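Q: Based on what follows, work out the 3D shape:
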Amino acid sequence: MGKTKYIFVTGGVVSSLGKGLTAGAIGMILRRGGLRVRLQKLDPYINVDPGTMNPFQHGEVYVTDDGAETDLDLGHYERFTGVPASRASNYTTGQIYMSVVEKERRGDFLGGTVQVVPHITDEIKSCIRRLADPEVDVVITEIGGTVGDIEGLPFIEAIRQMRHDEGRSRVLYVHLTLVPYLRAAGELKTKPTQQSVSLLREIGIQPDILICRAEQPLTEDLRRKIALFCNVEDRAVIEEKDVDRSIYEIPEVLIQQGFHEVVADFLGLPLRPPEMADWRAMLGRIRRSSGEVGIAVVGKYIKLQDAYKSVYEALHHAGAEVPGGETGTHVNVERIEAESIEQDGPERLSGVDGILIPGGFGTRGVEGKIAAARFAREQNIPYLGICLGIQIAVIEIARNVLGLAGANSMEFDPDTRHPVIALLDSQKRVTRMGGTMRLGAFPCRLSPNTRVREAYGGAEETRERHRHRYEINNAFRAAFEQAGVRFSGLSPDGDLVEMLELENHPWFVASQAHIEFQSRPAAPHPLFKAFVQASIRRRQAIGR
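A: Just a heads-up that it's a prediction; the model follows:
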């Protein structure tokens, strides 16, 4: 098609409008219209990456195949488009400034004064262009934060310069804004949108398309008013009303208003009508979901829904596919604080159909998670452990089946007599110091005649993404196997346990990898799908 073109997505009025979802939906529409796309998030915070940030503040850390710890919006991008993200898909202010300072220390600027313009903005533009190559038609870049935030100004200035550098026909600005509904007045108000656009225009950016979040539908009069006062075409005012059932309805909402046609006209793109048949079928199964299943997610960051965003989405993906055919199953997720189980006991889990323990770090809530895993094992409730969830299962079985009193992970008790979870050095020996984070996608060999291999459709090998330091201690593997634990997934050299299952249990499976990151709306992850199916079987068996 020629040189790469650029779409920049900004947000105004308030945060949490859904820029990441909208950017992902735009990428999906263009990709299904025959274009090659890449997506990117630029975050204004000064942290170098989300890896050490508190999930209560930032939500989950999303991991890419190449091992980058990134913003959770990259999960939306991958789920909507199916295009793998990478290290070049997420940059923060901290990374930008660190790179510029390192260049200054090396003498790259020949002793010149280093300034926000041009040095910081040039670095930002360089990060944007890293996704542009002959195999990419459109790069979609989301600017984090809200227009007017002081920390976001260098990013806004950089994308302003991009149109100057690349030419008007190769850069498109999409601004996501809020049109609030005042119930007392019974009216939608356009003034916040006008003021947000005014802020952008003061910086030198005239939005080409406005996407208006609203609780109520926009009237034609309101659309014309917004277009007039914000200096955009009438057809470029797009309504994004709150969806009824699923965030995956957003692309259809945009397509129905001709959003893709406006984008194609502005950028001169050879865009076909988006092919959405499988996506619409998936949405149909969600709308016609018959029955429900209750899944307890026992974690330490439960109060913030975004802390386990990909886990919740993967459960809903699986529900949309089972029992299959024309209808899915509504997955009712019960979020349970692990500490509440420590205080009140695991009996509150007796009303659920499945128990899931997600990843995490630190000691808080660990004993509650161990109690939940024991309850799932002893009560024959389907169990899915993810990352820390596999380690929790190992500790629980070591204590209560193998009789190893005080068995623990060296993360929680460095002096435990039975370190069933330990840091391993390069020779797979237990070590008390060091240990690097295992990040990114790694291969896993699946053992024959196991539930795991069956779930993967008989595949001999898979690749899953990891984010952890501690591993199952090989010194205890034989004892676990004698107790009925099947290590059904191993690293290709056989030295690292990737997955396990219990032989004498209806469905008890755990994975060292963050399997939730590979789940997609129209293609749920095999283990999530098998877990939801097992939970439905239990619900049916006990007559709920």
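
Q: what stretches of this protein score poorly on pLDDT?
A: Flagging of the chain using pLDDT under 70 yields the residue ranges 1-2, 325, 425-435.

Q: spatially speaking, which residue is in the middle of it?
A: Nearest to the mean C-alpha position of the chain, counting by C-alpha atoms, centre = their mean, stands G75 at 3.0 Å.

Q: tell me the contacts of it?
A: 60, 62, 309-310, 313, 517 (C-beta atoms under 8 Å, 6 or more residues apart in numbering). To be clear about C-beta, it is placed using only N, CA and C from the backbone, and glycine gets the same treatment.

Q: Looking at those, which are in helices?
A: Among the contacts of G75, the ones falling in helices (DSSP state H) are 309-310, 313.

Q: List only buried entries from the residues you listed.
A: Buried members of those, counted by 16 or more other C-beta atoms under 10 Å: 309-310, 313.

Q: Surely R463 is in a strand?
A: Yes: applying DSSP: H, G, I helix; E, B strand; the rest coil, one finds R463 inside a strand.

Q: Using the three-state scheme, assign the nearest residue to R32 once chain neighbours are set aside.
A: Leaving out its chain neighbours, the residue that sits closest to R32 by C-beta to C-beta, 6 or more residues apart in numbering is P274, at 4.0 Å. Following three-state DSSP, P274 is assigned to coil.

Q: try A422
A: Applying three-state DSSP: A422 is strand.

Q: for it, which residues make a bridge with it?
A: E471 (DSSP bridges).

Q: So for the helix or strand encompassing R374, what gets flagged as buried?
A: Element membership of R374, judged by DSSP states H and E, is helix 366-378. Within helix 366-378, the residues that count as buried by 16+ other C-beta under 10 Å are 366-377.

Q: May I have that helix exported as PDB, CA atoms only?
A: Presented in PDB, the C-alpha positions along helix 366-378 are these (Å, rounded to 0.1, in the frame of the first residue of the first chain):
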ATOM      1  CA  VAL A 366      -1.500 -17.100  50.800                       C
ATOM      2  CA  GLU A 367      -3.000 -19.200  53.600                       C
ATOM      3  CA  GLY A 368      -6.500 -18.400  52.300                       C
ATOM      4  CA  LYS A 369      -5.600 -19.500  48.800                       C
ATOM      5  CA  ILE A 370      -4.100 -22.800  50.200                       C
ATOM      6  CA  ALA A 371      -7.400 -23.400  52.100                       C
ATOM      7  CA  ALA A 372      -9.300 -22.700  48.900                       C
ATOM      8  CA  ALA A 373      -7.200 -25.200  46.900                       C
ATOM      9  CA  ARG A 374      -7.700 -27.800  49.700                       C
ATOM     10  CA  PHE A 375     -11.400 -27.200  49.600                       C
ATOM     11  CA  ALA A 376     -11.500 -27.700  45.800                       C
ATOM     12  CA  ARG A 377      -9.500 -31.000  46.100                       C
ATOM     13  CA  GLU A 378     -11.400 -32.500  49.000                       C
END
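
Q: Contacts for that helix, please.
A: Under the criterion C-beta under 8 Å, 6+ apart, residues 296, 298-299, 336-342, 345-347, 349-350, 355, 357, 381-383, 385, 388-389, 392-393, 395-397, 399-400, 412, 502, 505, 508 lie in contact with helix 366-378.
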